[in-house]
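# Just the structure for this:
(chains A and B)
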Amino acid sequence: MVERRRFGDLIPHLVLLTGVAIVAFPVYLCFVGSTLDQATIANGQMGLTPGPLFFETYWRTLFVGTSGTTREPVATMLLNSFVMALAIAVGKIAISIISSYAVVYFKFPLRMAAFWLIFITLMLPVEVRIYPTYKIAADLNLLNSYAGLTLPLIASATATLFFRQFFMTIPDELIEASKLDGAGPFRFFKDTVLPLSRTNIAALFVILFIYGWNQYLWPILITTRDDMQTIVIGIKKMIVTADALTEWNVVMATAMLAMLPPVAVVVLMQRWFVKGLVETEK
Amino acid sequence: MASVTLQDVRKVYAGGVEAVQGVTLDIPDGSFTVLLGPSGCGKSTLLRMIAGLETITAGTVSIGGRIVNEVEPADRDIAMVFQNYALYPHMSVYDNMAYGLRNHGVPKAEIESRVAQAAKLLAIGDFLDRKPRALSGGQRQRVAMGRAIVREPQAFLFDEPLSNLDAKLRVQMRIEIRRLHNRLKATSIFVTHDQIEAMTMADKIVVMNGGRVEQTGAPNQVYRFPATRFVATFIGSPAMNLIPGRVVESGLVDVGGGRIAFDAATLPTEVGREVEVGIRPEDLRLAGNGGGALTFTKDFAEELGATRLFHGMVGDAAVVVALAGPAPAGDTFGLSAAPEAVHLFDPASGNSLRKA
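This next block holds a predicted model:
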């Protein structure tokens, strides 16, 4: 037991608050920047209090875009990112949960070989196999499409492993009871495995949604049309314009907007997320 | 209800391990049969083969006269209660009981009435809406039985259902299961390694060892006339004493630490034969002063309240004696036993020498 001192609670809180300040300050600064005009930021006169242009900047960011070469409104990018992240998260969960189900509950030839094949793809993330993957995507006419953005990223060894480990903790008697209750493999999956995996699915969804949202390298390769670009790429493109001044207020507003969906997912699913990682309901 | 018949049933696992080695068994309609044996004796495997959860390597299993070797578990018309209850954790008590019926397409109204009936019988009506997590061990046990009862099966299979309960609850559930059986009169097969459960609950005990049936019979018969040394030592607590000896004349055997009489009419043996003498601790009594057939040297005593257990030696064999009443003085005293309480076994085969 830690000894209770008079300032026992104070010091940990100070440390925590310092940590929060270090993390939150740049975000706050970014927010302040998004409410000022371009000139103020460029002149280096940016203060610590928000300026008057909040609505104007965000409206312009969302629906007009910068005046540079990439004149894409951020609303489109948000939509693209959202569709991509959602499709990757849902697709990864759907694929990996059924492949784990097959590997754990069915006895077929080369079952373990199949599992290990899935497992070693951990060593082959998209960055490693980028040429062949791009070639295949291009041959299949997947460039500049949601399918091209998501499909090559959907296979997931991590999620398969995660579900496999979870399924192996489900007692065999439950399968046997289901068999006696007349539930076949499909019913057992639908009536027992899926409901028991709820919290795990939620936890994985949070992780995978953020993974999908943060994708950078693959979307930059597979999308060439501006109306297909994701918000992460959009931010980057806004900054690199060499022929004009970077519109920092818009960039910062975009950065703020880019943070919102992942934050929303985490906040909304936090309870389930923690449950899924720590609690076992069996 | 139906009888269950096993004909030369075998189970060989992929590795070549023969878990069940040719069991032939007739479980009469409406009986409460207990499969009893130590861990790994094949009793659970046998039950799971009846349930259809294990494939049958050879032989036939029939339920109600129908051979079910190739029939799916759900279509065998049986219900099983598992050791860890195997309740669906995400379903309410009601849904746990109704699930199997729904899968079998039983009409909703009938499901409701069957569940209500079972809930009343088991006194679990108050928590039909709860999840299994919110129930105590005994309540979960009842729900597991309820799930079996609503199926109205031909036979109930119990796979060590009481081993997860604490001692007090176990005794209570033992009585409840037996009472339930008396009401429902359903054929029940109950697997346990606990000989007290077997003795108290069974109409018929099947003692198994090493994948074989050692003896089948009513509890009293198995206790009083064990067919093999294994059954003799497995049933009864503390276990039956086994002392090597030699028959010196008809009806009298020398065990090194003395001589003891046996009933030569039921145990015909030739003089000079080496035997193993079995006497239950509770069948040994203090012999009168001076006399006594066996000389017992006390090592230590265990107080059980109603009786005292004395551990010690007769000749070269370790012997346990259960004695009520005042402790005998001294460390050495004489013991005797009624001739009918003396069992003889063949030292090599372990079979009883009792005349069939």
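# what's the burial count for B:Leu106?
Actually, residue B:106 is Val rather than Leu. Counted with other C-beta atoms under 10 Å in any protein chain shown, residues neighbouring B:Val106 total 16. In short, each C-beta sits where N, CA and C put it, glycine included.
# Confirm it sits in a strand?
No. Using DSSP: H, G, I helix; E, B strand; the rest coil, the assignment for B:Val106 is coil, not a strand.
# In three-state terms, label the nearest residue to it once chain neighbours are set aside for me.
Using C-beta to C-beta, 6 or more residues apart in numbering or on different chains and skipping residues adjacent in sequence, the residue nearest B:Val106 is B:Arg114, 7.7 Å away. Three-state call for B:Arg114 (three-state DSSP): helix.
# show me what contacts B:Arg114?
Residues in contact with B:Arg114 (C-beta atoms under 8 Å, 6 or more residues apart in numbering or on different chains) are B:101, B:106, B:150, B:152.
# Can you tell me which residues in chain B are near chain A?
Applying C-beta under 8 Å from any C-beta of the partner chain, one finds that chain B approaches chain A through B:51-53, B:72-75, B:78-80, B:82-90, B:99-100, B:103-104, B:133, B:147.
# Narrow those residues to those in strands?
Counted as lying in strands by DSSP state E, out of the residues of chain B next to chain A, are B:78-80.
# Now which of the residues of chain B next to chain A would you call buried?
Buried members of the residues of chain B next to chain A, counted by 16 or more other C-beta atoms under 10 Å in any protein chain shown: B:51-53, B:73-74, B:78-80, B:82-90, B:99-100, B:103, B:147.
# quick one on the thing from earlier: make JSON lines out of the ones in strands among the residues of chain B next to chain A and add pLDDT.
Formatted as JSON lines, those follow (pLDDT from 0 to 100):
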{"residue": "B:Ile78", "pLDDT": "92"}
{"residue": "B:Ala79", "pLDDT": "92"}
{"residue": "B:Met80", "pLDDT": "93"}
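# So which residues on the stretch 101-250 of chain A come close to chain B?
With the criterion set to C-beta under 8 Å from any C-beta, the stretch 101-250 of chain A comes near chain B through A:171, A:173-174, A:176-177, A:179-183, A:187, A:191-192, A:195-196, A:198.
# For those, which single residue is the most surrounded?
A:Ala177 (28 neighbours).
# list the contacts for it?
A:Ala177 neighbours (C-beta under 8 Å, 6+ apart): B:80, B:82, B:86-88, B:147.
# Would you mind listing the two of the residues you listed that lie farthest apart?
B:Met80 and B:Tyr88 (14.3 Å; C-beta to C-beta).
# Could you find the closest non-adjacent residue to B:Arg273?
Closest residue to B:Arg273 apart from its sequence neighbours, by C-beta to C-beta, 6+ apart: B:Val247 at 4.9 Å.
# my guess is the one you found contacts B:Pro268, does it?
No. Assessed by C-beta atoms under 8 Å, B:Val247 is found out of contact with B:Pro268, at 10.3 Å.
# where are the low-confidence patches of the chain?
The chain I'm using is chain A. The model of chain A has pLDDT under 70 over residues A:1-7, A:67-71, A:240-244, A:276-282.
# Chain B, not that one
Checking chain B against pLDDT under 70 turns up B:288-292.
# residue ranges for the helices of chain A, please.
Secondary structure of chain A by DSSP state H: the helices cover A:10-33, A:38-42, A:54-63, A:74-105, A:111-120, A:130-139, A:146-154, A:157-169, A:172-180, A:185-187, A:194-213, A:217-222, A:231-240, A:248-278.
# wait, isn't B:His104 in contact with A:Gly182?
Yes. Counting by C-beta under 8 Å, B:His104 does reach A:Gly182; the two are 5.3 Å apart.
# Show me the common contact partners of those two, please.
Counting by C-beta under 8 Å, 6+ apart, the shared contacts of B:His104 and A:Gly182 are B:Ala74.
# quick revisit: of all the contacts of A:Ala177, which comes closest to A:Leu62?
When the contacts of A:Ala177 are compared against A:Leu62 (criterion: C-beta to C-beta), the nearest one is B:Tyr88, at 47.5 Å.
# what's the closest one in contact with, if anything?
B:Tyr88 makes contact with A:174, A:177, A:191-192, B:95-96, B:99, B:132, according to C-beta under 8 Å, 6+ apart.
# nearest spatial neighbour of residue 58, skipping sequence neighbours?
No chain was given, so I picked chain A. The shortest distance from A:Tyr58 to any non-neighbouring residue, by C-beta to C-beta, 6+ apart, is to A:Ala253 (5.4 Å).
# Wait, chain B was what I had in mind.
For B:Ala58, the closest residue by C-beta to C-beta, 6+ apart turns out to be B:Arg10, at 4.2 Å.
# same check, this time on B:Ser163
In space, B:Ser163 is closest to B:Gln83, 5.7 Å off (C-beta to C-beta, 6+ apart).
# quick one: contacts for the one you found?
The neighbours of B:Gln83, taking C-beta under 8 Å, 6+ apart as the test, are A:173, B:159-161, B:163-164.
# One more: B:Val314?
Counting by C-beta under 8 Å, 6+ apart, B:Val314 touches B:241, B:243, B:255-258, B:294-297, B:335.
# Provide the partner residues of it in its beta bridges.
B:Phe296, B:Ala317 (DSSP bridges).
# Distance of it relative to B:Ala337?
Taking C-beta to C-beta, to the nearest Å as the measure, B:Val314 falls 11 Å from B:Ala337.
# Helices of chain B, start to end?
Taking DSSP H as the criterion, chain B carries its helices at B:43-51, B:93-103, B:108-122, B:137-150, B:167-184, B:195-201, B:219-224, B:229-234.
# neighbours around A:Leu217, how many?
Neighbour count of A:Leu217, defined by other C-beta under 10 Å: 12.
# Got the phi and psi for the closest residue in space to it that isn't next to it in sequence?
Nearest residue to A:Leu217, sequence neighbours excluded (C-beta to C-beta, 6+ apart): A:Glu127, at 6.2 Å. The phi/psi pair for A:Glu127 (degrees, to the nearest 10) reads phi -60, psi -30.
# so A:Glu127 sits right up against A:Gln215, yeah?
No. Applying C-beta under 8 Å, one finds A:Glu127 not in contact with A:Gln215, separated by 11.0 Å.
# between those two, who's got more neighbours?
Taking neighbours as other C-beta under 10 Å, A:Glu127 and A:Gln215 compare with A:Gln215 leading, 21 against 9.
# correct me, but that one touches A:Ile154?
No. Contact criterion C-beta under 8 Å: A:Gln215 and A:Ile154 do not qualify, at 11.8 Å.
# Report the set of residues contacting both of these two.
In terms of C-beta under 8 Å, 6+ apart, A:Gln215 and A:Ile154 are both contacted by the residues A:Ile88.
# biggest separation within the contacts of B:Gln83, which pair?
Going by C-beta to C-beta, the pair spanning these furthest: A:Glu173 and B:Ser163, at 13.2 Å.
# Beta-bridge partners for the residue lying closest to B:Glu276 once chain neighbours are set aside, please?
Nearest residue to B:Glu276 in three dimensions, chain neighbours excluded: B:Phe345, at 4.3 Å (C-beta to C-beta, 6+ apart). With DSSP bridges as the criterion, B:Phe345 is bridged to B:Glu276, B:Ser352.
# B:Phe345 against B:Met240, yeah?
No. With contact defined as C-beta under 8 Å, B:Phe345 does not count as touching B:Met240 (9.8 Å).
# Just to check, B:Val222 is in contact with B:Val206?
No. B:Val222 is not in contact with B:Val206 according to C-beta under 8 Å; the separation is 9.2 Å.
# what residues are shared contacts of these two?
Both B:Val222 and B:Val206 are in contact with B:Gln215, where contact means C-beta under 8 Å, 6+ apart.
# now B:Glu54: how far from chain A?
For B:Glu54, the distance to chain A equals 10 Å [C-beta to the nearest C-beta, to the nearest Å].
# give me the number of residues near that residue?
17.
# Look up the closest residue to it, ignoring the ones flanking it.
B:Arg48 (4.4 Å).
# Quick check: that neighbour touching B:Ile56?
No. With contact defined as C-beta under 8 Å, B:Arg48 does not count as touching B:Ile56 (10.1 Å).
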